[in-house]
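Visitor: 3D model of this:
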Amino acid sequence: MMFWYDRDMSGWGWFGMSLGMIVFWGLLITVSVLLFRALNRPAPGGSHDATSWTQPTPPSAEQLLAERFARGEIDEEEYQRRLRVLHSSRADLTKH
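Guide: Numbering: from 1, shown residues only. Got it, this is the predicted structure:
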């Protein structure tokens, strides 16, 4: 039986074989990692810990007003006036 390259591989053959092996194992590891990540990703709306997956609730109007007062952007009179307006508009909404 006759062998290619006279029973011996040249330097280019070894280089090609080594490069092919590195590419093969790199692809195999990459596919394994991606598959592992995809399978371990929590389903949207699943029954996982709700505190770690929910969006934080936006601050209320009263909280924003209190923050502005605390930063000194508005004085106490302005704060009290706006707070009364907020409470009166909330009372109007609950009447309807």
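Visitor: use CA for all of it now, contacts and neighbours both
Guide: OK.
Visitor: What helix or strand is Ser89 located in?
Guide: Assigned by DSSP states H and E, Ser89 falls within helix 76-95.
Visitor: My error: substitute Thr57 in the last question.
Guide: Assigned by DSSP H and E, Thr57 falls within no helix or strand.
Visitor: thinking again about what came up before, what does the helix holding Ser89 rub up against?
Guide: Ala61, Glu62, Leu65, Ala66, Phe69 (C-alpha atoms under 8 Å, 6 or more residues apart in numbering).
Visitor: switch the cut-off to 10 Å
Guide: Residues from elsewhere that reach helix 76-95 (C-alpha atoms under 10 Å, 6 or more residues apart in numbering): Ala61, Glu62, Leu65, Ala66, Arg68, Phe69, Ala70, Glu73, Ile74.
Visitor: now do stretch 55-68
Guide: Residues from elsewhere that reach stretch 55-68, judged by C-alpha under 10 Å, 6+ apart: 69-75, 78-80, 82-83, 86-87.
Visitor: tell me which residues in the helix holding Ser89 are buried?
Guide: Buried residues in helix 76-95, defined by neighbour count with 16 or more other C-alpha atoms under 10 Å: Tyr79, Leu83.
Visitor: helix or strand right after the helix or strand of the chain with the lowest mean pLDDT?
Guide: Lowest on mean pLDDT, DSSP states H and E among the helices and strands of the chain sits helix 50-53, with a mean of 55. The element immediately downstream of helix 50-53 (helix or strand, assigned by DSSP H and E) is helix 61-71.
Visitor: export the contacts of helix 76-95 to JSON lines and tack on pLDDT and distance to Leu19?
Guide: Below are the contacts of helix 76-95 laid out as JSON lines (pLDDT from 0 to 100; distance: C-alpha to C-alpha, whole Å):
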{"residue": "Ala61", "pLDDT": "89", "distance to Leu19": "63"}
{"residue": "Glu62", "pLDDT": "91", "distance to Leu19": "65"}
{"residue": "Leu65", "pLDDT": "92", "distance to Leu19": "65"}
{"residue": "Ala66", "pLDDT": "93", "distance to Leu19": "65"}
{"residue": "Arg68", "pLDDT": "93", "distance to Leu19": "63"}
{"residue": "Phe69", "pLDDT": "93", "distance to Leu19": "67"}
{"residue": "Ala70", "pLDDT": "94", "distance to Leu19": "65"}
{"residue": "Glu73", "pLDDT": "93", "distance to Leu19": "66"}
{"residue": "Ile74", "pLDDT": "93", "distance to Leu19": "69"}
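Visitor: Cool, thanks, signing off.
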